[in-house]
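Trainee: Need coordinates for the following:
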Amino acid sequence: MKHEHLWRIIDVEINRITEGLRVLEDLARFKWEDPQLSIKLKEMRNQIARSVNCFKTQLITARNAEHDLGLELSQTLQLDHKTILVELVTANFKRIQEGLRSLEEHFKILDYYEQAKKYEKLRFQTYTLEKNCFEKFFLPKDSLFPDTELYCLTASEYSLGRSNLEIVKAMLEAGVKLIQYREKDLKMQQQFAECLLIRELTHVHQATFIINDHLDLALAVDADGVHLGQDDLPITAARKLLGTKKLIGLSTHSPEQMHAAVQAEVDYIGVGPIYQTNTKKDVCAPVGLEYLDYVVTHCPIPFVAIGGIKEHNLETVIHHGAKCVALVTEIVGEPEISAKINNLKLKISKTKELTR
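Mentor: Numbering: from 1, shown residues only. I've put the predicted structure just below:
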């Protein structure tokens, strides 16, 4: 058969394109539950398949799957290993676009110019489709997480005998825009009473109020969100209860946990403990600056560096790329909280200037 090698290429590309479209269609249907995207992908897949109906004889005759080097190369090189959903989606869009370009070029050689131009048009449609898909499902949306350098927490054990209300009031008056209420050992009725008052204060100062662990408490006082640990309520369950207008933060200690958090669509993550810390009884071993470095270059959502961070090592943490940090005992254990916070802000600002 004349041009058998070209028909073989076309057969391979048709299969590759329709397979890529099917992967994306399944994601649209079962993962994202997006009927419009699912229909668009299905229609394109059927259009591609119909476009070569008149060439079925040439394609089947030229097919030679048993001697295709692609399988052996794929098994040997293992270049198609994907660990997160965005890699899967990117790979399949590129597979479709590259396949369409290949069809376009080879149909020109076969003197089917109009057929080639149809594939060119489809290729440009997939560029727009890819953009829309990433904007909808992967690109960061307007974040509920405040633009802040300091993430402040309560810790009554280290507060020099002062109440949590006194501590939070001092933090807010110093300009802090994010407060997390974290009290493991107080009775729930006392926590509820304190959080009601803190909620009022944060409203007055237009600050974000997060409650650690207790989703029920966060709902009861209408906090702005909840911060969960790896062993707390699953993110999917928390999101059903909180809805999309409340923040969900998750503590992470490894790249695997970071990627899982992003996939679970949390609003921000905690990264740590960077250094040894004694403010939590069930804390894991320090993750060090290596994990922070990984998050800085791979995490698409806001993150907070936490754990053993003090004024003396703050510059190092900022230098490694942290934009928001949590210092617990360094702040709540300071007699002059306002002065301490101002010093910390100044140090953060100067360090960021030097690292630009």
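
Trainee: Which of the helices or strands spans the spatially most central residue of the chain?
Mentor: The centroid of the chain falls nearest to Val262 when counting by CA atoms, centre = their mean (3.1 Å). When elements are assigned from DSSP states H and E, Val262 belongs to helix 255-263.

Trainee: next helix or strand past that helix?
Mentor: Downstream of helix 255-263, the first helix or strand assigned by DSSP H and E is strand 268-271.

Trainee: Kindly export that next one (C-alpha atoms) in CSV.
Mentor: Provided in CSV are the C-alpha atoms of strand 268-271 (Å, rounded to 0.1, in the frame of the first residue of the first chain):
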residue,chain,number,x,y,z
TYR,A,268,-3.8,26.7,53.3
ILE,A,269,-1.3,24.3,55.0
GLY,A,270,0.9,24.4,58.0
VAL,A,271,4.6,23.5,57.3
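
Trainee: Run through who's touching that strand.
Mentor: 143, 145, 227, 247, 249-252, 258, 261-262, 287, 291-292, 295, 299, 301-306, 322, 326 (CB atoms under 8 Å, 6 or more residues apart in numbering). C-beta: built from backbone N, CA, C; applies to glycine.

Trainee: filter these to the buried ones?
Mentor: Buried members of these, counted by 16 or more other CB atoms under 10 Å: 145, 227, 247, 249-252, 258, 261-262, 287, 291-292, 295, 299, 301-306, 322, 326.

Trainee: where in the stretch 1-150 of the chain is pLDDT low?
Mentor: 1, 67-82, 139-142 (pLDDT under 70).

Trainee: Could I get the full set of helices for it?
Mentor: Assigned by DSSP state H, counting those that start in this stretch, the stretch 1-150 of the chain shows helices spanning 4-26, 35-51, 56-62, 69-77, 85-109, 113-137.

Trainee: Torsion angles phi and psi at Leu247?
Mentor: phi -80, psi 140 (degrees, to the nearest 10).

Trainee: Tell me which residues touch it, please.
Mentor: Shown in contact with Leu247 (CB under 8 Å, 6+ apart): Leu144, Phe145, Thr208, Ile210, Asp224, Gly225, Val226, Asp267, Tyr268.

Trainee: Between the residues you listed, which sits nearest Glu183?
Mentor: Ile210 (12.8 Å; CB to CB).

Trainee: Let me know the next secondary structure element after the one helix or strand the closest one maps to.
Mentor: In the assignment (DSSP H and E), Ile210 maps to strand 208-212. Note on strand 208-212: by DSSP H and E, the next helix or strand toward the C-terminus is helix 215-220.

Trainee: Now that following helix: buried residues?
Mentor: Quick answer for helix 215-220 (16+ other CB under 10 Å): Leu215, Leu217, Ala218, Ala220.

Trainee: what helices or strands is it leaning on?
Mentor: Counting contacts by 3 or more CB pairs under 8 Å, 6 or more residues apart in numbering; DSSP states H and E, helix 215-220 is packed against helix 188-204, strand 208-212, strand 225-228, helix 235-242.
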